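Asker: what's the 3D shape of this:
(one chain, ligands or ions: 2)
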Amino acid sequence: MSVPRLNLYDFTREQLRGQLVRWELNPVHVARLWNYLYIELAASLDAMPELPPKLRARLAAETRLGVLPTALETASSDGFTHKYLLALSDAEKIETVLMRFTGRVTACVSSQVGCAMGCVFCATGQMGYTRHLTPGEIVAQAVHVARTLKLSAPVGPTVGRAPAGSETDRRAVLRPGLHPQRLRNIVLMGMGEPLHNYDAVMTAIDILRDETGLALGAERITLSTVGVVPGILRLAQEMRPLHLAVSLHAATQAERATLVPAAKKWPLDELMAACRTYSETTGRRIFYEWTLIEGKNDSEAHARAVGELLRGLDAQVNLIPLNPTDGYAGAPTRSAAAKAFQHVLATEFKIPSTVRQRRGIDIAAGCGQLAVAESAG
Ligand code: SAH
Ligand code: SF4
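Answerer: Ligands and ions are numbered 1, 2, ... in the order given. Purely as a prediction, here's the structure:
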């Protein structure tokens with residue numbers, strides 16, 4: 001059986017330097033290789049012509065570039081959201097979403113194939129857990145989006161649409177927005193629970209942040225967790241530079257446990273204690289996510305309960321009207337109720353909040369809609 005090849009996207013810059021040393025090559029070449037990987041976004045070894053022959057030979061013999069082929073690409077009708085079904089080397093598939101609104105370009109990346117946490121309203125939870133992603137599989141999603149953006153950079157004013165499939169057509173499809181765009185924001189809010197796959201996710205973040213590569217600033221990386229308490233405490237202890245979002249959805253243990261089975265393992269009081277420790281240690285505000293389900297957790301009384309729960313914490317609440325999934329019958333909160341919820345948080349508790357815009361729902365690319373099924377897309 002052949003030895004599995006090293007995936008170049010799995011390596012931090014430092015690790016790649018170490019690999020060159022192990023190959024008895026001059027580690028200075030890591031700069032050029034890294035540049036090909038993360039600035040030029042080369043999609044194959046052939047697209048890296050200026051490497052020393054000995055390095056090229058090693059790379060060809062012992063490594064692979066873990067580019068993730070697109071199995072399916074879908075664009076929302078408003079053109080702001082693109083969803084990519086990407087194939088992994090073992091034929092598993094994951095979904096990655098490119099969002100372009102309010103002047104921001106964001107990639108929503110997956111951390112696992114499926115998810116073990118089983119939140120009742122989430123399509124990923126409904127499909128169950130298959131496996132963790134490697135650092136390279138997480139990095140490759142960001143590279144995929146960055147490369148797509150690079151290829152879609154307009155070269156001049158484009159009017160109308162070129163024939164389907166042509167490069168110009170790609171540009172037209174990827175609009176709106178005439179400006180060439182660089183990937184600026186990453187949200188770990190795709191498929192999976194990132195703190196369940198802690199080490200791979202942190203290595204991937206280190207690679208994404210590398211200033212000589214994709215150079216995504218800490219302020220532009222957001223990790224969303226269902227509330228894995230040991231993971232939150234470890235983030236605090238390691239002072240990981242990122243934004244943390246915690247999915248709350250309910251302000252009592254009993255209510256939360258019906259929506260989020262993981263709450264049985266990490267009860268609400270322990271979760272809130274961990275959040276407090278995180279904020280105190282890092283000095284960072286936490287975003288608390290609240291999926292608004294009509295008649296379930298969207299009343300003014302619920303808003304008061306979350307206000308009380310977050311009292312004294314540096315908090316912002318992100319309200320996400322429920323997106324439809326096959327396995328859950330609930331309905332999204334209407335916008336008047338969402339506004340009333342916000343009003344209570346703002347006036348009675350001075351807690352800022354936002355209501356997530358419902359984008360990409362027509363292609364099932366909204367929060368919690370990512371799943372890999374025959375019907376994907
Ligand atoms: N596993 C992580 C990150 C992925 S989910 C987490 O749970 O936080 C990203 C966000 O989408 C979470 O806040 C999650 O609760 C929310 N979400 C899941 N399913 C949803 C749905 N059907 N409608 C709206 N939001 C949903
Ligand atoms: Fe997993 Fe997050 Fe979905 Fe819950 S909401 S099942 S933790 S991906």
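Asker: ok now do the residue of the stretch 1-150 of the chain found nearest ligand 1, which residues does it touch?
Answerer: Closest contact between the stretch 1-150 of the chain and ligand 1, by CB to the nearest ligand atom, is at Cys122 (3.5 Å). In short, each C-beta sits where N, CA and C put it, glycine included. Contacts for Cys122 were tallied using CB atoms under 8 Å, 6 or more residues apart in numbering; they are Cys115, Thr325, Gly368.
Asker: and with 7 Å instead?
Answerer: Listed by CB atoms under 7 Å, 6 or more residues apart in numbering, the contact set of Cys122 reads Thr325, Gly368.
Asker: any idea how far it is from ligand 2?
Answerer: Plainly put, Cys122 is 3 Å away from ligand 2 if you go by CB to the nearest ligand atom, to the nearest Å.
Asker: got it, and Ala200?
Answerer: 16 Å.
Asker: now do the same contact list for that residue.
Answerer: Counting by CB under 7 Å, 6+ apart, Ala200 touches His132, Leu133, Thr134, Pro135, Ile138.
Asker: 10 Å instead?
Answerer: Asp10, Ser111, Gln112, His132, Leu133, Thr134, Pro135, Gly136, Glu137, Ile138, Val139, Pro194 (CB atoms under 10 Å, 6 or more residues apart in numbering).
Asker: so the fourth one sits right up against Ser111, yeah?
Answerer: Yes. Using CB atoms under 10 Å, His132 is in contact with Ser111, at 7.6 Å.
Asker: okay, and the common contacts of the two?
Answerer: Shared contacts of His132 and Ser111 (CB under 10 Å, 6+ apart): Ile138, Gly192, Glu193, His196, Asn197, Tyr198, Ala200, Val201.
Asker: export these to TSV and tack on distance to ligand 1, secondary structure and pLDDT?
Answerer: Shown next, in TSV, are the shared contacts of His132 and Ser111 (distance: CB to the nearest ligand atom, whole Å; DSSP: H, G, I helix; E, B strand; the rest coil; pLDDT from 0 to 100):
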residue	distance to ligand 1	secondary structure	pLDDT
Ile138	13	helix	98
Gly192	6	coil	98
Glu193	4	coil	98
His196	8	helix	98
Asn197	10	helix	98
Tyr198	13	helix	98
Ala200	14	helix	98
Val201	11	helix	98
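Asker: out of those residues, who's the most crowded?
Answerer: For those, counting by other CB atoms under 10 Å, the largest number of neighbours falls to Ile138: 31 neighbours.
Asker: where's the closest residue to it other than its chain neighbours, which helix or strand?
Answerer: Distances taken as CB to CB, 6 or more residues apart in numbering put Ala204 closest to Ile138, at 3.7 Å, once the chain neighbours are dropped. According to DSSP states H and E, Ala204 maps onto helix 198-209.
Asker: please enumerate the strands of the stretch 251-377 of the chain.
Answerer: Counting by DSSP state E, counting those that start in this stretch, one finds strands in the stretch 251-377 of the chain at the ranges 286-292, 315-321, 353-355.
Asker: residues contacting the residue of the stretch 251-377 of the chain found nearest ligand 2?
Answerer: Relative to ligand 2, the nearest point of the stretch 251-377 of the chain is Gly368 (5.6 Å; CB to the nearest ligand atom). Residues near Gly368 by CB under 10 Å, 6+ apart: 119, 121-126, 189, 191, 247, 291, 320, 322-325, 328.
Asker: phi, psi of Leu88?
Answerer: Note on Leu88: its backbone torsions stand at phi -90, psi 170 [degrees, to the nearest 10].
Asker: that one against Glu137, yeah?
Answerer: Yes. The pair Leu88 / Glu137 is scored as a contact, 6.1 Å apart, by CB under 10 Å.
Asker: domain parsing of the chain, as residue ranges.
Answerer: Domain assignment for the chain by automatic domain parsing gives 6-64, 70-376.
Asker: thinking again about what came up before, so of the contacts of Gly368, which ones are in helices?
Answerer: Among those, the ones falling in helices (DSSP state H) are Ala123, Thr124, Gly125, Gln126.
Asker: neighbours around the residue of the stretch 101-250 of the chain found nearest ligand 2, how many?
Answerer: For the stretch 101-250 of the chain and ligand 2, the shortest gap (CB to the nearest ligand atom) falls at Gly125, measuring 2.6 Å. Neighbour count of Gly125, defined by other CB under 10 Å: 27.
Asker: residues of the biggest strand by length in the chain that come out buried?
Answerer: In the chain, taking DSSP state E as the definition, the longest strand is strand 93-101. Applying a neighbour-count criterion of 16 or more other CB atoms under 10 Å, the buried positions in strand 93-101 are Lys93, Ile94, Glu95, Thr96, Val97, Leu98, Met99, Arg100.
Asker: and for stretch 361-374?
Answerer: Neighbour-count burial for stretch 361-374 flags Ile361, Ile363, Ala364, Ala365, Gly366, Cys367, Gly368, Gln369, Leu370, Ala371, Val372 (criterion: 16+ other CB under 10 Å).
Asker: so how far is it off the chain centroid?
Answerer: Counting by CA atoms, centre = their mean, to the nearest Å, stretch 361-374 is centred 14 Å from the centre of its parent chain.
Asker: that stretch - what's its average pLDDT?
Answerer: Across stretch 361-374, pLDDT averages out at 76.
Asker: and what of stretch 295-302?
Answerer: 97.
Asker: please report phi then psi for Met48.
Answerer: Per-residue torsions, Met48: phi -120, psi 70 (degrees, to the nearest 10).
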